[in-house]
Structures are given as C-alpha cells and as structure tokens.
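Trainee: here's my sequence, what's the structure:
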Amino acid sequence: MQNFFYRLLSILLILFCTVNCSQDKIQSTPTQTKQVTDSIEYYVKQYKTSKSFDKGRDYLTKAHKLCRHLNDSTRFNCLLSISNLIYKKDTVLFKKMNAEKLTLAVKLKDTLKIGLTEYMYGYYYLNTQRDLDTAYYFYNKASKLFKKIDHKRLLGRSYFDMAQIRSDFNDNTGTEKLTFQALKEFEMLEELPFKFLYNCHNHLGSNFAGLKEFDKALIHYDKALIYASKTDDKTLAGTIYNNIGLVHKEKKDYVKAIEYYKKGLDYKPLKYEYPKLYATLKSNLAYNKLKTYDTLGVYENLIEALKIRDSLKIYKGISSSYQHLAEYCAYNKDTLKAIQYANLAEEVARNAEGNVDRFRSLKLLSILDKKNADDYLKTYIDLTDKIHAEERKVRNKFTRIEYETDAYIEETERLTTQNILISVIGGIFVVLLGLLYFIRQQRAKNKELLFEQEQQRANEEIYILMQKQQTNLEEGRTQERHRISEELHDGVLGKLFGARVGMGFLDLTGDQEDVNEYKSYLGELQGIEKEIRDISHALKNNILKSDTGFIDIIEDYVAGQLKVHHLNYDIEKNKNINWSNIDDKLKVALYRIIQEAIQNIVKHANANNVSIAFTKTEKTLHLSIKDDGKGFINLKHKKGIGLKNMENRVLKLNGGFNVESKPNQGTIIKVSVST
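Mentor: Okay, the predicted model is just below:
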C-alpha cells in the first residue's frame, strides 16, 4: 500500500510537471521543420557520396544533432533513416541512435515505432555481431508488438528472421513453424510481397531437404520458382535451381541434378551480378559430373569456383571446393593430393565454424587417410555429440527467450494497467482537489458578493437618511422663512403703517424747512414698508431658496473635506437636471465615486484646485472630477483599490469609466451612466 501511494504521488508530480512544461514548449513552425529536414537530407547525401569514413561520420553526426530541433515523431523518422545507414559501419553511433529512438517511441506510446526499434536491434546483432540468441530475443520482442497492432508485413519478416536463426542451429521443427507463420502473414496482405513469399518457400524447401523429405522440398521449391518469376531479380531462379539440384544429388539422381545446375547457369550475367551463386553452381555441376564419371572440364570448373570464393572470402564455399577437389584427386588415384585438399577443407571449416562442412571433411579424411582414420572418426563423433548438445541448449534457450518475452509482455501489460488505474485515480484525485478549490473560491466570491450587497444596502440607507436629514433641514428653513415673512408682514409692517398714518394726521406748524423734513421722513417710512413687504413676499415665495437634496449633500461633503486641507473647489450645478427623477442607487454610486476621488486627491494628488461638474444629455448623466495635481502616466500606472472600486461601481451600472492623466498636468475622472 505504501508503494502504491508513492507511485500515485509520483504520477501526480509528473502530471503537474507535464502541464507546466507543456506551456513553455515552443513548437516548430512547418517552415522551420522543412528547413531542418532539408538540411538533414543534405548531410545524408554528403555521407553517401563521401569516400572518407571520418568525413562521412561527421556529416551523419551533424544530421543527428539537427534532429533535436524536430518534434518527436519527425525526429524518430529521421533517426530511423540515419541509423539504417550505419548499423554495419559505426556500431557505437548506431546503438546510441537506436536507444534514442526507443526512448522517443516509448514517449510517443507508438507500438509500431517501438517494434521497429526492437527489430533494428535484432537486425544489428544478427548481421553485425552474429550474436544469434540476442538477435532472436529482439526479433521475438518485435514480433509480439507487430502482432499486437496486426502489422502483417513486419510480423511476417520477424517470423522469417527468427526462422533463419533457428535454421542455423538445425532446429528444423522450430524453423518450419516460424516459416509457415511468416508465410501466413504475407499471404494475407492485399498486395502480395513476391520476394518474401519466394524466401519463405525457398526456406521451407531447404528445411524439408535437411529432414530428407525431398518430395515436400521440391513442392516448395517449385512454388518459390513461381514467385521468383514475378520479381525483377533474375538471379532468384538460379538459387532455386541450385537447391533443386542439391535435392536430386541427395537422391543420387546426378543426371537430374546436372540438368538443374545448367538451368541455373543459363542466365549469362549471373557471373557478374551474383558471383557467389555462379561459383556454387559451377562447383556443384562439376562435382555431379564427377559422380557420373564425366571428368571433362571438372577440374577447371572446380578451380574457377575456388578462385571466386577465395576472392569473396566465402569460407564455407572454399571448404566445399576443397572437398570437391579432394574427391576429384581421389577419383584420379592421387591420394596424397586428395588428403591435402581434405585437410585444407577441414581447416577452413574449423576456422569458419562451419560444422556441416567440417563433418564432411572429417568423414572424407577417414576414408582417404587409412592410417589416421580412427582419429578422424573419434573427432567426428566427439564433434557430433558436442554440436547436438549445443543445438539442444540453443533450442532450449530459444524456448526460454520466447517464454521470458511473453512473461515480460504480460508483466508490462499488468504494470501498464496498474499505471492506468493509478493515473485514473490520480486524475480523479486532482479533479476532486480542483473541485474543492473551485467550491472554496465560489464560496469566497459569494461571501464577497453578499458583503457588497449589504454594503450597497447600507450605502442606500445612509443616502436616504442623509436626504431625509437634508429634507427636514430644508423644511425647517422653509417654515422659518414663512414665520419671518408673516412676522414682518403682519407685525413690523403693520406697526410701521400705523405709525406712518398717525404721523400723517398731525398738523405741524413751523418753518417750511421742518415741514419738508417731516414729509421726507414719512416718505422714508413708506419706502421701508415697501422694502419689508417685498422681503416678506420673497421669503413667502421661496425666491431665495438654494438648491436642495443631492447637490447639497455633495457640497457639504466636498466642503468639509477640502476646506480642512486648504483646497479650492468648484461644483458646477446644472439646473436642467431634475435630481428627484434620478434613481437613488445611481445617486449613491455617484456619491461614493466622488468620495473615493476626493480621498485620492487629498492623499496623492498634491492639488490646489478641484472641479466637479454634472451634465446631462437626453438619456445619459455625466460626471467629471478634475484636479490640477501631479498626475501620473496612465499606461504604466497600476490601478489602486480606489480606482478599481470606482470602476466596479460604474460597471455594475453598465456605465462608462475613464481616467485621463499626465505627469504634472492633473487628472480627470469621467463617468457616464444611462438614466
């Protein structure tokens, strides 16, 4: 259980890293990819035409480095084409590139690419290292992968290569089984691969010939001839004619064998296109003619075949040529020369580890060298026992490789299933964590929303209370004006009128100057009466009444804040705005915006003058708040909480909010809201 949680934690970490890394990964554009692949093709062409190994290796190394700039899939394909060129010439670079291919294929989770890489390992160990059991191991792994994706062509090739390896150890049963499996896969392809079908039937023919089942061998050789005729390779038929000739030679039908060897030699360009097969046919033809007691041209043909094989370093063929020459000398009663050729045949076969040719050489020596016949027979028997033991050991090894590969694949599938399960659980766990985080964030947002709603309600209540207070204050002022008006009209004015009337009835005598002064005072009293009457009517009709309600609240707040800080202010009152028709929520928002703006000006602006203006178009109310402070660079300035709050309030009303500011040129806040 502890290991399980460790694996789960590891997968979560990998998922986290993958998500983060994928954000930083820059994909190459198609143009860049084309440029890189073109450069790789250029270096590959330079390698193919280079005559210097070191120079050619430098070209491929440059191509290899360029592969790193490609995406994983394209990179794999380029590495595959490069590694196919060097598996024989530079084993170190090949193994490095093949390991890189395998890592990419596993990363891509591409079964075909993984199979191709395993197959190339098998091809490398078979054809370069001659490490047959290791080659068989990789071919077997590749076959399992190709079978999984039902890739018939590659599966057939894997089976066939495995069959060839088993054939080298005389495992006829295993060879037959694998070759028939390969044949089955090839025959199910829509477009028949004639060359591969030819190879399978040829291989089956050789296998049945080794089991002395000559009729079955000839059936498959005949089928191989049919498929050979469907290809462009004219040398394929020569191989089959040679093999049919060998079957007839084993059946002691030397005349029939000679007939097929001659058919193989009928293709005149064979000597130059396939000198190895030409030498084989020449040597076998001469040997079978010797068996029919026809020695004409036999020695010349045997020597010609030996020279070709020696020039090509075909050691098994050289051993066979020496055996044929030994029998030719023995036929001519030249025993000493025959023994010399037989010893050469045995020596070459021993050094080349050609067991079949060595058996034949030892058997021939035991017949030719009577003096040492027992020693040759003993060596023959010991070698036979040793080889049979090795063949049994190898066959068991092949069985074990197949079993271990199956076990490995089963374990891999089990671990894959387990990893998938862990990944699913990990994914669910991550989703749950994400869900919990989302719920937590949503709750926090809900709380914030509730708080804002409560604050909004509180703001509205505060505004309503302030408005009621202002209304009550204004009602008190109105009542006081009415009282003063009535008092002036009914009280002071009446008394003045009575005094003036009473004085008018007085009959004053005296100087004319005194009379005139008396009348002047009466006129002044009458003027005072008129003035008091006008003041009374003005108070009664509210002529002197100032703007009330919202503007008064704004002015009271602004005056209270700015006078304390010795700032000048101006509030532009627009008589065309009927504030009683404006929604209370909008007035609360405007009040809070002005409040935030004044606080920012006092704290940060270092201003001397502040101007607030309300204007109204047909359906839109505009507010402008301007100061002559130090301002700021608007593009680089990060909005503070105050500005954000103002903007959020306006956005909630579906209005527009804009801030214009330049260094040392002050700031203008503009708000526009639909009414």
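
Trainee: the helix or strand hosting residue 648: how far from the chain's middle?
Mentor: Assessed by DSSP states H and E, residue 648 sits inside helix 641-652. Here helix 641-652 shows a centroid-to-chain-centroid distance of 42 Å under the convention C-alpha atoms, centre = their mean, to the nearest Å.

Trainee: so which elements touch whatever helix or strand comes next after it?
Mentor: Sequence order places strand 656-661 as the next helix or strand after helix 641-652, per DSSP H and E. Under the contact definition 3 or more C-beta pairs under 8 Å, 6 or more residues apart in numbering; DSSP states H and E, strand 656-661 sits against helix 641-652, strand 667-674. Any C-beta I mention is one placed from the backbone N, CA and C, and that applies to glycine too.

Trainee: winner for burial among these?
Mentor: Among the helices and strands packed on strand 656-661, strand 667-674 has the highest mean neighbour count (mean count of other C-beta atoms under 10 Å), at a mean of 19.

Trainee: who does it pair up with?
Mentor: Next to strand 667-674 in the sheet, as set by DSSP bridges, lie strand 620-627 (antiparallel), strand 656-661 (antiparallel).

Trainee: which of those sits closest to residue 208?
Mentor: Among those, the nearest to residue 208 by C-beta to C-beta is strand 656-661 (93.7 Å).

Trainee: same question for the closest one, mean pLDDT?
Mentor: The average pLDDT for strand 656-661 rounds to 90.

Trainee: same question, stretch 290-309
Mentor: 94.

Trainee: stretch 147-154 now?
Mentor: Mean predicted confidence for stretch 147-154 is 94.

Trainee: what residues sit buried inside it?
Mentor: 147, 151, 152, 154 (16 or more other C-beta atoms under 10 Å).

Trainee: looking at the residues you listed, which are in helices?
Mentor: Judged by DSSP state H, helices contain the following of those: 147, 152, 154.

Trainee: picking that back up, mind giving me a markdown table with the strands paired with strand 667-674 and columns for distance to residue 589 and mean neighbour count?
Mentor: Listed next are the strands paired with strand 667-674 as a markdown table, based on distance: least, C-beta to C-beta, whole Å; neighbours: other C-beta atoms under 10 Å:
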| stretch | distance to residue 589 | mean neighbour count |
| --- | --- | --- |
| strand 620-627 | 10 | 19 |
| strand 656-661 | 11 | 15 |
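
Trainee: for those, give me a markdown table that also has distance to residue 526.
Mentor: Listed next are these as a markdown table, based on distance: least, C-beta to C-beta, whole Å:
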| stretch | distance to residue 526 |
| --- | --- |
| strand 620-627 | 51 |
| strand 656-661 | 61 |
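
Trainee: out of these, the one nearest residue 574 is which?
Mentor: Short answer: strand 620-627, nearest of these by C-beta to C-beta, at 9.6 Å.

Trainee: wait, which of the strands paired with strand 667-674 is closest to residue 180?
Mentor: So among the strands paired with strand 667-674, strand 656-661 is nearest, using C-beta to C-beta, at 83.2 Å.

Trainee: tell me which of the strands paired with strand 667-674 approaches residue 106 most closely.
Mentor: Per C-beta to C-beta, nearest to residue 106 of the strands paired with strand 667-674: strand 656-661, 56.0 Å.

Trainee: do I have it right that residue 235 meets residue 277?
Mentor: Yes. Here residue 235 reaches residue 277: they are 6.2 Å apart, a contact under C-beta atoms under 8 Å.

Trainee: good, wrapping up.
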